[in-house]
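Enquirer: Here is a sequence together with a model predicted from it:
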Amino acid sequence: MCCHLTKVDADCDFAHVDRFASCETMFRNRAPRKCVWVISVTSLVGAVFVITWRMVYREENIAQSIMLIHLAVSDGLMGVYLIIIGWKDAMWAGKYYLHDFNWRMSLSCQISGAIAVLSSEVSMMLLSLISADRLKNIVFPFSVNGLTNKATHTLCFAIWIIGFIIAFLPTIGIQYFKGRHFYGRSVVCLPLQLSSDKAPAWEYSVAVFIGLNLAFLAFVIVAYLAIVINRCQVQSMSANTQRETALAKSVFFIILTDCICWMPVIVIGLRSIVEKSFRTRGDLEVWIAVFFIPFNSAINPILYTLSTTQVIITLEFVNNHKL
């Protein structure tokens with residue numbers, strides 16, 4: 001590796017084959033490095049607050065709270081993943097090239113990547129479940145019985161099991177994944193298909209990050225379109241339906257941010273398959289890995305808990321009594 005040569009030649013081939021790292025650090029630019037810490041801390045603090053708040057404050061729609069608690073746990077896992085990446089970057093600052101190969105092939109990298117995939121896929125499946133629940137309660141309020149607490153827990157745990165299988169299947173030594181090369185294709189241990197280069201098991205990456213997530217996004221969009229059309233057609237609403245609609249509005253912004261964050265991954269992934277000479281420009285690949293995908297984990301708690309009327313009133317009450 002040219003990093004072992006003089007400092008003048010240090011970045012030659014290494015920078016050419018890796019869009020993230022330089023010889024000295026895991027991230028060539030400072031902005032992504034700072035972004036990792038900001039989003040990781042925000043995700044963890046937000047997740048802890050959401051879990052605590054929803055266990056203390058009991059809503060009328062308990063099934064909704066159960067699903068949002070599970071969603072907060074998945075968001076928190078993304079924070080854990082980013083802290084691992086940020087810690088490794090800080091630990092090896094100035095001499096990253098000495099650890100690059102061992103890091104990519106290590107069990108730590110495989111587990112870190114699997115945690116990130118587990119977090120992102122469970123979040124997508126939970127958002128689809130929440131959207132289906134909103135669709136049923138608003139568009140078909142009398143045709144199907146609502147989810148019981150037991151049924152909600154069962155569905156959420158089933159989602160976690162499916163997510164765990166998707167994320168950790170590449171780590172159990174199946175020949176198709178070429179050992180530890182699946183998660184070790186980048187320094188941040190994410191197996192994203194964002195260039196025309198076909199890495200080992202790229203089909204699995206495309207199936208998960210493009211096929212599966214595109215299907216979930218399509219379902220969520222259709223569900224909310226049906227909700228909007230239904231609200232436009234119905235002139236009067238019961239108190240229960242009004243409450244369900246208010247919940248749907250708050251969840252809508254979660255869905256919107258998910259679409260904004262995942263669409264670049266899906267579009268670039270499709271282009272990388274179709275266009276043989278496709279390459280992402282600049283640091284776009286870096287920002288997708290450390291900002292776009294984890295961004296949902298940081299902003300979701302703000303959208304579905306911190307911005308609710310109950311939280312705002314409570315915070316104002318506490319603040320007034322301090323004064």
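Expert: Sure thing, it's come through.
Enquirer: give me the low-pLDDT residue ranges for the stretch 151-300 of the chain?
Expert: Applying pLDDT under 70 to the stretch 151-300 of the chain flags the ranges 195-196, 234-252, 254, 277-283.
Enquirer: what are the ranges of the helices in it?
Expert: For the stretch 151-300 of the chain, the helices defined by DSSP state H, counting those that start in this stretch occupy 202-206, 213-233, 239-274, 284-287, 293-301.
Enquirer: residues in contact with the fourth one?
Expert: Helix 284-287 has contacts (C-beta atoms under 8 Å, 6 or more residues apart in numbering) with Arg19, Phe20, Phe27, Asn29, Pro32, Leu192, Leu194, Ser195, Pro264, Ile268. Placement of C-beta: from N, CA and C, glycine included.
Enquirer: surely Tyr204 meets His181?
Expert: No - using C-beta atoms under 8 Å, Tyr204 makes no contact with His181, being 12.0 Å away.
Enquirer: between those two, which one's more packed in?
Expert: Neighbour totals were compared for Tyr204 and His181, and Tyr204 leads with 18 against 15 (other C-beta atoms under 10 Å).
Enquirer: From Asn61, how far out is the spatially most central residue of the chain?
Expert: Nearest residue to the geometric centre of the chain (C-alpha atoms, centre = their mean): Ser120, 3.4 Å. Separation of Ser120 from Asn61 (C-beta to C-beta, to the nearest Å): 26 Å.
Enquirer: Please list all residues in contact with Asp75.
Expert: Residues near Asp75 by C-beta under 8 Å, 6+ apart: Ser43, Gly46, Ala47, Val50, Ser119, Ser123, Asn296, Ser297, Ala298, Asn300, Pro301.
Enquirer: 6 Å instead, please
Expert: Residues in contact with Asp75 (C-beta atoms under 6 Å, 6 or more residues apart in numbering) are Ser43, Ala47, Ser297, Asn300.
Enquirer: any idea which helix or strand carries it?
Expert: Secondary structure from DSSP states H and E places Asp75 in helix 62-91.
Enquirer: That helix to helix 293-301, inter-axis angle?
Expert: For helix 62-91 against helix 293-301, the angle by axes from the mean of the first three to the mean of the last three C-alpha atoms, to 10 degrees is 140 degrees.
Enquirer: Next SSE downstream of helix 62-91?
Expert: Counting by DSSP H and E, what follows helix 62-91 is helix 100-104.
Enquirer: Convert the C-alpha atoms of that following helix to CSV, please.
Expert: Extracted C-alpha coordinates of helix 100-104, given in CSV (Å, rounded to 0.1, in the frame of the first residue of the first chain):
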residue,chain,number,x,y,z
ASP,A,100,-7.7,-0.6,7.6
PHE,A,101,-7.6,-4.2,6.4
ASN,A,102,-7.9,-5.7,9.9
TRP,A,103,-10.8,-3.4,10.7
ARG,A,104,-12.7,-4.3,7.5
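Enquirer: Which strands or helices does whichever helix or strand comes after it pack on?
Expert: The helix or strand immediately downstream of helix 100-104 is helix 107-139, counting by DSSP H and E. In terms of contacts (3 or more C-beta pairs under 6 Å, 6 or more residues apart in numbering; DSSP states H and E), helix 107-139 is packed against helix 62-91, helix 149-168, helix 213-233, helix 239-274.
Enquirer: out of those, deepest packed?
Expert: Mean neighbours per residue, mean count of other C-beta atoms under 10 Å, is largest over the helices and strands packed on helix 107-139 for helix 62-91, with a mean of 22.
Enquirer: surely Phe253 meets Ile302?
Expert: No - contact between Phe253 and Ile302 fails when scored by C-beta atoms under 6 Å: they sit 9.3 Å apart.
Enquirer: Stretch 25-43 - what's its average pLDDT?
Expert: When pLDDT is averaged over stretch 25-43, the result is 87.
Enquirer: and it, how far out from the chain's middle?
Expert: Chain-centre distance of stretch 25-43: 16 Å, with C-alpha atoms, centre = their mean, to the nearest Å.
Enquirer: Next, the buried residues of it.
Expert: For stretch 25-43, a neighbour-count test (16 or more other C-beta atoms under 10 Å) marks 25-28, 32-33, 35-37, 39-40, 42-43 as buried.
Enquirer: want to throw those residues into CSV with secondary structure and distance to Lys136?
Expert: Converted to CSV, the buried residues of stretch 25-43 look like this (DSSP: H, G, I helix; E, B strand; the rest coil; distance: C-beta to C-beta, whole Å):
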residue, secondary structure, distance to Lys136
Thr25, coil, 49
Met26, coil, 45
Phe27, coil, 44
Arg28, coil, 48
Pro32, helix, 41
Arg33, helix, 44
Cys35, helix, 38
Val36, helix, 38
Trp37, helix, 40
Ile39, helix, 33
Ser40, helix, 35
Thr42, helix, 32
Ser43, helix, 29
